[in-house]
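Chemist: A structural model of the following input is requested.
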Amino acid sequence: KVLMWSDPAATDVKVSIRIHSGAAFDPQGKEGVMQLLADNIFPTAVAKGYFAEDLGGSVEVITNYDFIQINATAKSSEFINLLETLAQAVASPTIDKETTTALKKALTDKLILLEKDPVYVGDQAAAKRLFGTFPYGRPQMGSVESLQRIDFADLQFARERFLSADNATVAISGNFNSDLGFRAARRYLGAWLKSDKRVPSTFRQPDDPDVKPLEIGFDGAPARSTFALRGLARNDPDYAASLILGAILKARLQKKDPAMTIVHDARILPGVLVLGVPGSTGFPFIAFSERISESEFARSRVEAAIEFSKRGLVDQWLDVDTYRTTVAGDTQAFQNVTIADVQRVADRLAKNPVASVVVRSATVAQ
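Modeler: As a prediction, this is how the structure comes out:
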């Protein structure tokens with residue numbers, strides 16, 4: 001599918017390509033395959049530098065549990081070169097031993113640093129505690145250990161299964177001629193093959209987590225508690241209400257302690273709500289149990305709608321194919337949501353079991 005928005009007033013052109021499969025499809029024990037597949041699209045600094053030096057634009061590749069997305073820009077005069085370069089990268093990527101080895105080393109170096117970060121360790125442990133072997137319980141970028149089990153054949157297999165034309169949506173926006181864009185898309189993307197069959201996002205749902213707090217000793221780390229509970233899927237009818245609730249909870253928690261954090265990731269399958277609290281403490285149930293006031297609702301509704309709109313029209317339309325949503329439905333949801341809807345979501349989430357992890361200095365933990 002190709003989506004196009006032509007804007008003669010724009011100074012450049014942007015092409016986004018979303019592959020509707022992400023790290024959730026990593027083979028168990030080989031977490032990091034989809035991250036490496038994404039890294040392999042433009043595997044060198046030279047490949048990425050071409051967009052800035054020759055096309056007057058930029059390129060980024062985003063990977064999460066649900067998708068891989070390439071965002072690339074160029075001067076309007078370089079539109080054809082931009083589309084041709086991207087088409088070659090996704091339709092005929094080069095996957096070999098040498099490149100895979102280099103990408104594994106670069107990702108391993110990044111993970112070595114992350115695995116020394118007590119916040120990252122606590123968040124990963126809480127996700128594993130909450131989801132177990134379910135994909136969201138496994139690290140999205142893999143681990144130092146899991147990367148060692150991956151070779152270039154794993155990337156080739158993932159490319160054949162997921163990096164295919166029928167598992168992607170292309171969005172073109174900016175200053176370009178629509179007729180030219182249509183012809184160019186047919187010409188350069190026409191050779192992109194379909195897969196034998198689509199791989200559905202179906203996984204066995206995880207069991208309820210062990211709610212007993214897990215303690216992790218970490219040298220020199222100040223005590224921090226991480227709490228994770230299942231949130232809402234991206235296409236849940238109460239998604240807008242959950243974003244408003246997230247803004248309310250954030251305001252409540254940070255009023256008590258500015259260092260508290262809250263993140264709600266809504267995904268294809270159940271989302272996750274993660275709270276980070278300094279010190280060794282229990283779950284802040286009061287943040288959920290306190291009834292929502294009209295002033296909280298009014299303020300947070302505006303905040304959530306503004307934050308959601310920052311994602312931009314292109315990403316909202318790409319979400320339609322990834323999450324089976326509608327742009328009109330998302331917009332209408334913020335207009336129609338009521339304080340009762342938000343309170344219902346709060347009551348619903350408060351009933352979910354909570355996975356708790358406490359990271360503290362190793363000497364204290366002992």
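
Chemist: pretty sure T261 is touching G276, no?
Modeler: Yes: using CB atoms under 8 Å, T261 is in contact with G276, at 4.1 Å. Every residue, glycine included, has its C-beta placed from N, CA and C.

Chemist: So which other helices or strands are in contact with the strand or helix carrying L313?
Modeler: Element membership of L313 [criterion: DSSP states H and E] is helix 312-323. Here helix 312-323 touches strand 2-6, strand 12-19, strand 168-174, helix 327-336, going by 3 or more CB pairs under 8 Å, 6 or more residues apart in numbering; DSSP states H and E.

Chemist: Residues contacting the helix or strand following the third one, please?
Modeler: Think strand 168-174. Sequence-wise, the next helix or strand downstream of strand 168-174 (DSSP H and E) is helix 178-189. Residues outside helix 178-189 that contact it (CB atoms under 8 Å, 6 or more residues apart in numbering): 2, 4, 6, 79-80, 83-84, 87-88, 91, 165, 170, 172.

Chemist: Can you tell me which of those is nearest V358?
Modeler: Distances from V358 to the contacts of helix 178-189, taken as CB to CB, are shortest for V170 (45.5 Å).

Chemist: List the residues that contact the closest one.
Modeler: Contact partners of V170, counting by CB under 8 Å, 6+ apart, are 1-3, 15-17, 185, 189.

Chemist: let's see 6 Å
Modeler: Counting by CB atoms under 6 Å, 6 or more residues apart in numbering, V170 touches 2, 17.

Chemist: who's it bridged to?
Modeler: V2, I17 (DSSP bridges).

Chemist: Tell me how far it lies from V90.
Modeler: 9 Å (CB to CB, to the nearest Å).

Chemist: Buried ones among the contacts of helix 178-189?
Modeler: 2, 6, 79-80, 83, 87, 91, 165, 170, 172 (16 or more other CB atoms under 10 Å).

Chemist: Pull the most distant pair out of those.
Modeler: The span of the buried ones among the contacts of helix 178-189, defined through CB to CB, is set by S6 and A91 at 24.0 Å.

Chemist: ok, back up a step: which one of the contacts of helix 178-189 is nearest to T226?
Modeler: Once CB to CB is applied, the member of the contacts of helix 178-189 that ends up nearest T226 is V170, at 37.9 Å.

Chemist: Give me the three-state assignment for A241.
Modeler: Following DSSP: H, G, I helix; E, B strand; the rest coil, the label given to A241 is helix.

Chemist: So which residues of the stretch 251-366 of the chain form helices?
Modeler: For the stretch 251-366 of the chain, the helices defined by DSSP state H, counting those that start in this stretch occupy 286-289, 294-309, 312-323, 327-336, 339-350, 362-365.

Chemist: quick one: contacts of the first one?
Modeler: Around helix 286-289, the neighbours that count as contacts under CB under 6 Å, 6+ apart are 249, 252-253, 346, 350.

Chemist: from the contacts of helix 178-189, which single one is nearest P206?
Modeler: A165 (32.4 Å).

Chemist: On the three-state scheme, the closest residue to the closest one other than its chain neighbours is what?
Modeler: Distances taken as CB to CB, 6 or more residues apart in numbering place W192 nearest to A165, at 4.1 Å, with adjacent residues excluded. When classified by three-state DSSP, W192 comes out as coil.

Chemist: Assess the claim that W192 and A89 are in contact.
Modeler: No: at 10.5 Å, W192 does not count as touching A89 under the criterion of CB atoms under 6 Å.

Chemist: of these two, who's got more company?
Modeler: Comparing W192 with A89 by other CB atoms under 10 Å, the one with more neighbours is A89, at 21 against 18.

Chemist: surely the more buried one meets A38?
Modeler: No: the criterion here is CB under 6 Å, and A89 misses it with A38 at 11.1 Å.

Chemist: Backbone dihedrals for the most centrally placed residue in the chain, both of them.
Modeler: Centroid check for the chain by CA atoms, centre = their mean gives N64 as the closest residue, at 3.5 Å. N64 adopts backbone torsions of phi -140, psi -170, taken as degrees, to the nearest 10.

Chemist: how near is it to A158?
Modeler: 15 Å.

Chemist: for V61, same thing?
Modeler: For V61, the distance to A158 - CB to CB - is 15 Å.

Chemist: of the two, who's got more company?
Modeler: Using other CB under 10 Å, the more surrounded residue of V61 and A158 is A158, with 23 against 19.

Chemist: Next one, pLDDT for the more buried one please.
Modeler: On pLDDT, A158 comes in at 96.
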